[in-house]
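Novice: predicted coordinates and the sequence they were generated for:
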Amino acid sequence: MTDLTDLHDDLRSGVRQLCAKYPGEYWQKVDKDHSYPTDFVNSMSEAGYLKALIPEEYGGIGVGITEASIILEEVHRSGGNAAACHAQMYIMGTLLRHGSDEQKAYYLPKIASGELRLQAFGVTEPNAGTDTTNLRTRAVRDGDEYVVNGQKIWISRAEHSDLMILLARTTPIDQVKKKTQGLSVFLIDLKSTIGNGVTIKPIETMINHQTTEIFIDNLRIPADTLIGEEGMGFRYILDGMNAERVLIAAECVGDGYWFVDKATNYANDREVFGRPISQNQGIQFPIAQAYIHLRAADLMRYEAARLYESGQPCGAEANMAKLLAADASWEAANTALQTYGGYAFAREYDIERKFRETRLYQVAPISTNLVLSYVGQHILGMPRSF
Ligand SMILES: Cc1cc2nc3c(=O)[nH]c(=O)nc-3n(C[C@H](O)[C@H](O)[C@H](O)COP(=O)(O)OP(=O)(O)OC[C@H]3O[C@@H](n4cnc5c(N)ncnc54)[C@H](O)[C@@H]3O)c2cc1C
């Protein structure tokens, strides 16, 4: 336990030191330019944080999702944003848990060394939205290859990744018993496919997220890019999604604590009517309330991470951690904005940027409504509403 606590403390202080080199001005600039925070991502990679989940035998650090979540939390707690590189952590489970020995031996050392970036997760489609099993992208076996056709949307970091995990249908939906069957996962060498069947189109968004639309037209990929068994991909992706929810919950917790610290310090410093505004309960109580909600969300995040790590079912906890943490960070964001008053709207204080950034988590990677319907249906046994 002490060893683990020491490890967590070391990780926290290491990430904090690294992030201190990337202050608000850095994030304001990349946000304004809508540019990729290359220096920050390179520093994270060189310091070894992006290989945290890769086992030591493949050149990684070999820690668990709890430690990975601490790394991402600290980035957000420092005022930065890990979205430019967090996917390498949540995608990793798909390859680690379901990839073949050959795939792991080939890819993991290269990802660990930084030679290859695994940052793109190709699931969402324009016509399917949250209804993932209804996706239309098709991969059809042709000898030693699959031929892929389809379209993806909101695929973040595709222009800054060498590899992409792709979810596609290999058996038509009318030929499977359950919609979750007949989907398969591929690990694609994205760089070599651009212009050879893949076209990437950036989407301008209210946050600097480097997200894109991907058009796939008669793309030929080797059959050995298939991860695990053909037709079982939805299960593998769900694994990755649970990891993603735990990690995003940790980022929300980091955002939330950042907002609470900012609001508290500002409220103590700012004097109006001859006293600090923090002396007014109308300012003090919302900050305290946001803090309490964050602490509670944080507990659920650790519980979800513990279950994930031990290989137990964690869908409920991962979803609930994501919802609680996203709500708590959004509450903290609103509170910080109100506390700063007019100054919250000035870019130099970072409140408006982080406010925009943390709003995303009500919608992605899974929207609040879908978490509620999951709990209503799968945990509480009420009927499916759709
Ligand atoms: C910035 C950004 C980055 C992203 N990055 C990635 C990525 O890297 N890879 C990837 O695969 N995807 C990515 N996504 C996609 C993201 O996961 C989806 O946007 C999200 O899951 C919601 O899907 P949708 O946008 O299609 O909404 P829809 O499914 O169209 O839903 C719209 C609204 O309707 C609600 N709704 C839908 N059905 C129901 C229902 N039955 N009951 C109640 N409410 C319902 C939803 O909750 C939501 O509020 C990203 C999205 C964004 C915005």
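Specialist: On my side now, so go ahead.
Novice: which parts of the protein sit against the ligand?
Specialist: The chain has residues 121-124, 129-130, 154-156, 205, 209, 211, 360, 363-367, 369-370, 373, 385-386 near the ligand, with proximity defined as Cβ under 6 Å from any ligand atom. In this view, the C-beta of every residue, glycine as well, is placed from N, C-alpha and C.
Novice: can you give me the helices for this structure?
Specialist: 2-20, 24-33, 38-46, 65-77, 87-98, 101-113, 190-193, 233-269, 281-309, 315-340, 351-359, 368-374 (DSSP state H).
Novice: closest one to T171 among those helices?
Specialist: helix 233-269 (10.6 Å; Cβ to Cβ).
Novice: which stretches of the chain have low pLDDT?
Specialist: In the predicted model, the chain carries pLDDT under 70 at residues 1-2.
Novice: can you tell me the residue of it closest to the ligand?
Specialist: The chain approaches the ligand most closely through G129 (2.7 Å), counting by Cβ to the nearest ligand atom.
Novice: let's have the helices of the chain in TSV, adding distance to I221 and mean neighbour count.
Specialist: Shown next, in TSV, are the helices of the chain (distance: least, Cβ to Cβ, whole Å; neighbours: other Cβ atoms under 10 Å):
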stretch	distance to I221	mean neighbour count
helix 2-20	36	14
helix 24-33	33	15
helix 38-46	26	17
helix 65-77	28	26
helix 87-98	16	23
helix 101-113	13	17
helix 190-193	8	18
helix 233-269	14	24
helix 281-309	29	19
helix 315-340	30	25
helix 351-359	34	22
helix 368-374	30	16
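Novice: count of neighbours near the residue of the chain closest to the ligand?
Specialist: The number of residues packed near G129 is 14, by other Cβ atoms under 10 Å.
Novice: measure it to N369 for me?
Specialist: Separation of G129 from N369 (Cβ to Cβ, to the nearest Å): 12 Å.
Novice: out of the residues of the chain next to the ligand, which end up buried?
Specialist: 121-124, 154-156, 209, 211, 360, 365-367, 370, 373 (16 or more other Cβ atoms under 10 Å).
Novice: just the residues of the chain next to the ligand: which are in strands?
Specialist: Among the residues of the chain next to the ligand, the residues falling in strands (DSSP state E) are F121, G122, W154, I155, S156, T211.
Novice: check contacts around the second one.
Specialist: Looking back up the chat, that one is G122. K152, I155, A158, M164, I165, L166, L167, I188, I214 (Cβ atoms under 8 Å, 6 or more residues apart in numbering).
Novice: hmm, try it at 6 Å
Specialist: By Cβ atoms under 6 Å, 6 or more residues apart in numbering, G122 lies in contact with K152, I155, M164, L166.
Novice: per the record, what domains does this structure have?
Specialist: 2-113, 118-231, 235-379 (automatic domain parsing).
Novice: gap between the two ends of the last one?
Specialist: Start to finish, the residues bounding domain 235-379 are 19 Å apart (Cα to Cα, to the nearest Å).
Novice: now P383. Nearest residue, chain neighbours left out?
Specialist: Q377 (7.2 Å; Cβ to Cβ, 6 or more residues apart in numbering).
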